[in-house]
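K.L.:
Below is the sequence, then the predicted model.
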Amino acid sequence: MKCNLTLPNHLGVIIDGNRRWARLRNLQPWEGHREGAKKLEEFLNWCFELGIPQISVYILSTENLNRPKKELEELFKLLYEYLDKWGKEEGSFLDKYEVKVRFIGDLEKLPPKLVKIMGRIMQKTAKYQKKILNLMIAYGSKFELTEAMKKIVEKAIKLGRIEITEKDIEANLLVPVPLDLVIRTGGYSRLSNFMLIQAAYAEIYITKTLWPDFSKGELIKAIKWYNSIQRNFGR
């Protein structure tokens, strides 16, 4: 797919609307998540085909871990199913586009079986350098900033002096690269604790389209909108 538009170097995606999509069809929430998982795989193929170098996808927030037990069980089962396929599949889009996969979040709160397969995929794709895919699971900016501060304090104690700069904070983030564009589906105009530091000067594209209905055309529309914005970075 050729694209004459300027692409974001780092695209963030808040995938919202799976449960509402299911509710509109009198389905269980996890059936909406299943459709959302199919859409995510399509979406990633579109993005990497266009040539976007880095993508961060908000799959599960720290707050989402408080959802009903049955819904979480089904969601974890679905995640395992897809990740297992990615881990075993030869010639997948991860191999085709040479994508390094990183799982970002409080992974200790996830089922050990799921964490194990995440490790397998990270190991399998560690050799790739062309593209980066950050899958944010059990993630929240408050958690990320807490982890960054712990690292900075540990370093300060070793050095025997406390000196914290903006660069120190940025360098110790779980994802140190700033976002250029954030796409949020489902119509809500909020970041919901997603990469608050990285999104400081990102352009934010909101669409009412529920995630399972998101299309390639809508992705191009978002990128065209991004191209229409003059980015001043607060200057």
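P.N.:
That came in fine, so what should we check first?
K.L.:
My read is that F48 contacts K100, right?
P.N.:
No - at 11.7 Å, F48 does not count as touching K100 under the criterion of Cβ atoms under 8 Å. Any C-beta I mention is one placed from the backbone N, CA and C, and that applies to glycine too.
K.L.:
between those two, what contacts are shared?
P.N.:
Common neighbours of F48 and K100, counting by Cβ atoms under 8 Å, 6 or more residues apart in numbering, are K131.
K.L.:
okay, and for the chain, where does confidence drop off?
P.N.:
1-3, 234-235 (pLDDT under 70).
K.L.:
again, only using 90
P.N.:
Along the chain, segments meeting pLDDT under 90 span 1-5, 87-92, 151-171, 229-235.
K.L.:
ok, longest helix in it?
P.N.:
The longest helix of the chain (DSSP state H) is helix 29-50.
K.L.:
That one: how far from the chain's middle?
P.N.:
12 Å (Cα atoms, centre = their mean, to the nearest Å).
K.L.:
Check which helices and strands it sits against.
P.N.:
For helix 29-50, the packing partners by 3 or more Cβ pairs under 8 Å, 6 or more residues apart in numbering; DSSP states H and E come out as helix 18-24, strand 54-61, helix 69-88, helix 93-96, helix 216-228.
K.L.:
what residues does the fourth one touch?
P.N.:
Outside helix 93-96, the residues that touch it by Cβ under 8 Å, 6+ apart are 41, 44-45, 48, 86, 99, 101, 121, 124-125, 128, 133.
K.L.:
Geometric centre of this structure: which residue is closest?
P.N.:
Geometric centre of the chain, nearest residue: V57, 1.6 Å, by Cα atoms, centre = their mean.
K.L.:
these two touch, right, that one and L11?
P.N.:
No - contact criterion Cβ under 8 Å: V57 and L11 do not qualify, at 9.0 Å.
K.L.:
The residue located most distally from the centre of the chain: what's it in contact with?
P.N.:
The centre of the chain is farthest from one residue, G160, which by Cα atoms, centre = their mean lies 36.3 Å away. Applying Cβ under 8 Å, 6+ apart to G160 gives no contacts.
K.L.:
Including distance to A222, could the contacts of helix 93-96 go into a markdown table?
P.N.:
Rendered in a markdown table, the data for those read as follows (distance: Cβ to Cβ, whole Å):
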| residue | distance to A222 |
| --- | --- |
| E41 | 18 |
| L44 | 15 |
| N45 | 16 |
| F48 | 16 |
| W86 | 25 |
| V99 | 20 |
| V101 | 23 |
| I121 | 27 |
| K124 | 30 |
| T125 | 26 |
| Y128 | 25 |
| L133 | 18 |
